[in-house]
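Colleague: Any chance you can model this:
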Amino acid sequence: MSELPDPLSRRDRQRQTREALIFAARSVFAEDGYHAASLDRIAREAGFSKGAVYSNFDGKSALFLAVMDRNLELAEADLADPFEQMSNPASTGRDLAEREGYPPGATQGFALATLEFIASAARDETIAPQLHQRLAAVLTYYNAIAEKARAEDETLAVSDVGTLLAALDQGAGLIQLAGGIMPDPMVFNTGMRRLLDPARTVSERESNP
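Modeller: Residues are numbered from 1 along each chain as shown. Reported below is the predicted structural model:
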């Protein structure tokens, strides 16, 4: 006689509910935008009542921050030394979305929702510090790249180089979002490399014309 599986603990059920709500929220935010998205619809998409949202999150802003945290976890694994791997801000978010099972267009939609959220959160004394924590986490990822790949004779601090990398990468993504023309991935990658180690970049290009 086979044994029945152990029932899920309350903590496991809550974790699964929270994960389902985060997954549904990303899709709804991407489709409707931050302000227009409703917690009722997010709950329905996840298969729960609205009460499940409030049992796990303080409100819409807290749920959006949780989605941002999930995205940051995924992005951290994909940030790489541009001397070892081609960088392309236009495809990174899309690749992450596809890997998580989100529909086409979800990355751009969520990025637009994020702009809405930032504009709102930056004016909110309660939410702004939490947003700043996420932005600091993003800079930490770029600082890790700078620590690994910057030139040995670089006089700028690691944090300064990391900030410049973030400005180039995130700024390029913003241009892409606005419908502008992105540089060729090879050109973008060269820009990232030149920020990190100009001499090495020139040397490698001369060796591999």
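Colleague: Which SSE is immediately downstream of the helix or strand of the chain with the lowest mean pLDDT?
Modeller: When the helices and strands of the chain are scored by mean pLDDT, DSSP states H and E, helix 89-100 comes last with a mean of 53. Next along the chain after helix 89-100, taking DSSP states H and E as the criterion, comes helix 106-121.
Colleague: Send over the helix or strand encompassing Asp169 as CSV, restricted to the C-alpha atoms.
Modeller: Using DSSP H and E, Asp169 maps to helix 158-177. Taking C-alpha atoms only, helix 158-177 is exported to CSV below (Å, rounded to 0.1, in the frame of the first residue of the first chain):
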residue,chain,number,x,y,z
VAL,A,158,34.3,50.3,-8.2
SER,A,159,31.0,51.9,-7.2
ASP,A,160,31.6,54.7,-9.7
VAL,A,161,32.3,52.3,-12.5
GLY,A,162,29.3,50.2,-11.5
THR,A,163,27.1,53.3,-11.6
LEU,A,164,28.3,54.2,-15.1
LEU,A,165,27.6,50.6,-16.3
ALA,A,166,24.1,50.8,-14.8
ALA,A,167,23.5,54.2,-16.5
LEU,A,168,24.6,52.8,-19.9
ASP,A,169,22.7,49.5,-19.6
GLN,A,170,19.5,50.9,-18.0
GLY,A,171,19.5,54.0,-20.1
ALA,A,172,19.8,52.0,-23.3
GLY,A,173,16.9,49.9,-22.1
LEU,A,174,14.9,53.1,-21.6
ILE,A,175,15.6,54.3,-25.1
GLN,A,176,14.5,50.9,-26.4
LEU,A,177,11.3,51.2,-24.3
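Colleague: Can you list the buried residues in it?
Modeller: Going by neighbour count (16 or more other Cβ atoms under 10 Å), the buried part of helix 158-177 is 158, 161-166, 168-169, 172-173, 176-177. The way it works is simple: take the backbone N, C-alpha and C, and place the C-beta from them, glycine included.
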